[in-house]
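> Predicted model follows, preceded by the sequence.
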Amino acid sequence: MNTQTDDEFDQVNPLPPTGRIDIHCHLVPMIDDGCESFEQSIDCVRALRRAGFTGSICTPHVWSDQVAYNTPEHIRAWTAQLQGQLREEGEDYPLWPGGELKLYKGVIDWMKQHGPPTLADSRCVLVDFWVDKWPKWAVPAFDWLLQQRYQPILAHPERLGCVRGLEKHLAELKQMGVWLQGNLRCMTGEEGFEPNRLIRQLLREGQYDFLATDLHRADSLNARLDGLSLAEAEFGQDAIDRLIVDAPRRKIFGK
Ligand SMILES: [Fe+2]
């Protein structure tokens with residue numbers, strides 16, 4: 001049972017002065033398809049720390065049709081609870097609440113009711129969607145967020161299923177002011193040929209604003225960290241640090 005107040009939660013999570021910040025992960029256990037137990041969560045945190053991460057924004061799936069209980073208010077409480085459990089085990093690894101909001105036809109009404117899940121109390125909102133072809137409601141949903149002075153971040157555009165015309169649609173989103181976040185695991189080829197091709201193209205073109213693990217369970221974390229090593233080998237550590245060290249600090253935390 002979480003006993004921390006919001007104020008206490010905020011006070012115990014300052015931004016560490018150095019290190020990678022993971023802005024997309026499913027570390028909070030047993031609330032989506034991410035970690036299945038606290039033991040998995042702590043294993044992941046220890047592996048992340050060894051890989052040079054110094055904090056993570058927890059982004060459980062916010063799917064109003066399947067995990068309706070994952071509201072911003074609940075995610076905040078669960079993240080604080082996990083933070084407390086980690087601390088009891090001697091892991092002083094800062095977490096911040098967030099969410100990965102699935103866009104769909106009725107998402108604007110949902111956001112009006114619940115408020116979008118923002119990353120670490122910023123105005124940034126991480127979103128995804130899963131479709132076969134580019135949906136008519138996508139641009140209006142991004143537009144609504146921007147009009148409300150939120151900053152939408154599209155998670156893993158390289159994994160979007162609607163390949164046809166995708167690059168043109170991503171260019172339109174970038175033009176609107178949407179930010180893009182790539183998934184490290186796509187570098188390894190384990191997410192399929194097209195994500196493997198597209199992440200390299202978008203990295204070459206400088207289209208990404210962030211890279212992140214999107215870690216789910218402990219058993220796939222090594223592949224995600226392998227993707228980080230591949231990205232550094234191919235694009236250079238400085239370029240990758242800009243997307244996983246500097247950008248989270250500057251664009252989300254304003255540091
Ligand atoms: Fe995710």
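Looks like it arrived, so ask away.
> Buried residues of the longest helix seen in the chain, list them for me.
For the chain, the longest helix by residue count, based on DSSP state H, is helix 72-88. For helix 72-88, burial by neighbour count (16 or more other C-beta atoms under 10 Å) applies to 72, 74-84, 86. For the C-beta atoms, the positions are set from N, CA and C on the backbone; glycine is no exception.
> ok, these vs Ala233, which is closest?
Nearest to Ala233 among these: Leu86, at 31.2 Å, using C-beta to C-beta.
> how close does the residue in the stretch 1-150 of the chain positioned nearest to the ion sit to Cys25?
Closest residue of the stretch 1-150 of the chain to the ion, C-beta to the ion: Glu100 (4.6 Å). Between Glu100 and Cys25 the computed distance is 9 Å (C-beta to C-beta, to the nearest Å).
> Next: Asn70.
Between Asn70 and Cys25 the distance is 14 Å, computed by C-beta to C-beta.
> Repeat that for Met187.
Applying C-beta to C-beta to Met187 and Cys25 gives a distance of 17 Å.
> Please enumerate the strands of this protein.
20-25, 53-58, 61-62, 95-97, 100-102, 124-128, 151-155, 179-183, 210-212 (DSSP state E).
> Quick check: which ranges of this structure have low pLDDT?
Flagging of the chain using pLDDT under 70 yields the residue ranges 1-12.
> Please list the residues of it that sit near the ion.
Remark: the part of the chain in contact with the ion comprises Glu100, Asp214, using C-beta under 5 Å from the ion.
> Let's see that with 6 Å instead.
Within the chain, the positions near the ion by C-beta under 6 Å from the ion are His24, His26, Thr59, Glu100, Ala155, Asp214.
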